[in-house]
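A.B. asks: let me see the structure of the following:
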Amino acid sequence: MSAAKETSSEIEYLARALKAPRIRDSAARLAEQARDAGWSHEEYLAAILSREVSAREASGAEIRTRAAGFPARKSLEDFNFDHQPAIKRDVLAHLATGAFLAEASNVVLLGPPGTGKTHLAIGLGIRATQLGQRVLFATATDWVTRLQTAHQAGRLPQELLRLKRYGLIIVDEVGYIPFEQDAANLFFQLVSSRYEHASLILTSNLGFARWGEVFGDQVVAAAMIDRIVHHAEVITLKGSSYRLKDHQIDSLPSTRTESTAE
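C.D. replies: Numbering: from 1, shown residues only. Alright, predicted model coming up:
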């Protein structure tokens, strides 16, 4: 066996041992390029390892995205800013860097139905998975159901501790369905457990002044809002539903009867 073939076989064996088959492929593919360009051994090795790391990061992000439970895949790049011209793009660009996750800060998206709140929440969530964060997405009612199940099983503290290990939890549709007192208390515990520890993204069709109606208790609602907005970026979306733009319907009833900026 020639020296070249021996080296190739050894690289293949080592790549399998490291469970990194892409190293084997990159080594072969980059070898001729390295010789032609006169790369040093260090440059050649760096190029191979760089491709392996990039591939692993992409694979990890895909796994985290699938595990997050997003109802659909929506990116920040696909968001229709023409329908929401008042949104500050520099604010979203900063949020997309993931700095708010490192600071355990929150994002609150307020606005009428169909204005893009869930789209932005998913887009930021997918971006978080690409930055290496574990993410979970569910509606407010689904989160309450999950907490009720843990509470009834006597495992609420363990469940809250487990959820705290997720860098980002997304709570969609706060305010669409009012909570009973027990449910409101459970939701408050979720918010409190993450305060200054890990991030939340919440979407709601109601302004903060109306949250007392949702949670059935002004005191609980005030304490919850206090913890959420202490370290948070609050973004208000306005206008009519994007989903109705081609149906000659100017707005939904809720967009005519309440203000989300309260």
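A.B. asks: quick one: the helices in this protein?
C.D. replies: 3-17, 21-37, 41-68, 89-96, 99-102, 117-130, 140-152, 156-164, 181-194, 211-215, 218-230, 253-257 (DSSP state H).
A.B. asks: ranking those by burial, who's on top?
C.D. replies: Highest mean neighbour count among these (mean count of other CB atoms under 10 Å): helix 117-130, with a mean of 23. (Glycine included, C-beta is placed from N, CA and C.)
A.B. asks: contacting residues for Ser199?
C.D. replies: Counting by CB atoms under 8 Å, 6 or more residues apart in numbering, Ser199 makes contact with Phe100, Leu101, Ala104, Ser105, Asn106, Val107, Gly167, Leu168, Ile169.
A.B. asks: residues in contact with the second one?
C.D. replies: By CB under 8 Å, 6+ apart, the contact list for Leu101 reads Ala128, Leu131, Gln133, Gly167, Leu168, Ser199.
A.B. asks: next one: the last one
C.D. replies: By CB under 8 Å, 6+ apart, the contact set of Ile169 is Val135, Leu136, Trp143, Leu163, Leu190, Arg194, Ala198, Ser199, Leu200, Ile201.
A.B. asks: wait, the third one sits on Ala184?
C.D. replies: No: contact between Trp143 and Ala184 fails when scored by CB atoms under 8 Å: they sit 11.9 Å apart.
A.B. asks: circling back to that earlier point, let's see which of the contacts of Ser199 end up in strands.
C.D. replies: Mapping the contacts of Ser199 onto strands (DSSP state E) picks out Asn106, Val107, Leu168, Ile169.
A.B. asks: which one (most neighbours) among those residues?
C.D. replies: Tallying neighbours with other CB atoms under 10 Å puts Leu168 at the head of the ones in strands among the contacts of Ser199, with 28 neighbours.
A.B. asks: still on that earlier bit, just the contacts of Leu101 now: which is nearest Leu76?
C.D. replies: Nearest to Leu76 among the contacts of Leu101: Ala128, at 11.2 Å, using CB to CB.
A.B. asks: quick one, what contacts the closest one?
C.D. replies: Gly98, Leu101, Val135, Gly167, Leu168.
A.B. asks: let's see 6 Å
C.D. replies: By CB atoms under 6 Å, 6 or more residues apart in numbering, the residues touching Ala128 are Val135, Leu168.
A.B. asks: that one and Gly239, how far apart?
C.D. replies: From Ala128 over to Gly239 the distance is 27 Å, taken as CB to CB, to the nearest Å.
A.B. asks: Lys5 too?
C.D. replies: Here Lys5 is placed at a distance of 66 Å from Gly239 (CB to CB).
A.B. asks: next: Ile122.
C.D. replies: For Ile122, the distance to Gly239 equals 20 Å [CB to CB].
A.B. asks: below-threshold pLDDT in the protein: ranges please.
C.D. replies: The chain contains residues with pLDDT under 70 at 1-4, 240-262.
A.B. asks: what about 90?
C.D. replies: Low-confidence segments of the chain, defined by pLDDT under 90: 1-37, 41-60, 82-83, 85-86, 114, 176-177, 217, 238-262.
A.B. asks: that older thread, possible to save the contacts of Ile169 as JSON lines with distance to Leu14?
C.D. replies: Listed next are the contacts of Ile169 as JSON lines, based on distance: CB to CB, whole Å:
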{"residue": "Val135", "distance to Leu14": "35"}
{"residue": "Leu136", "distance to Leu14": "38"}
{"residue": "Trp143", "distance to Leu14": "46"}
{"residue": "Leu163", "distance to Leu14": "40"}
{"residue": "Leu190", "distance to Leu14": "47"}
{"residue": "Arg194", "distance to Leu14": "43"}
{"residue": "Ala198", "distance to Leu14": "39"}
{"residue": "Ser199", "distance to Leu14": "40"}
{"residue": "Leu200", "distance to Leu14": "44"}
{"residue": "Ile201", "distance to Leu14": "43"}
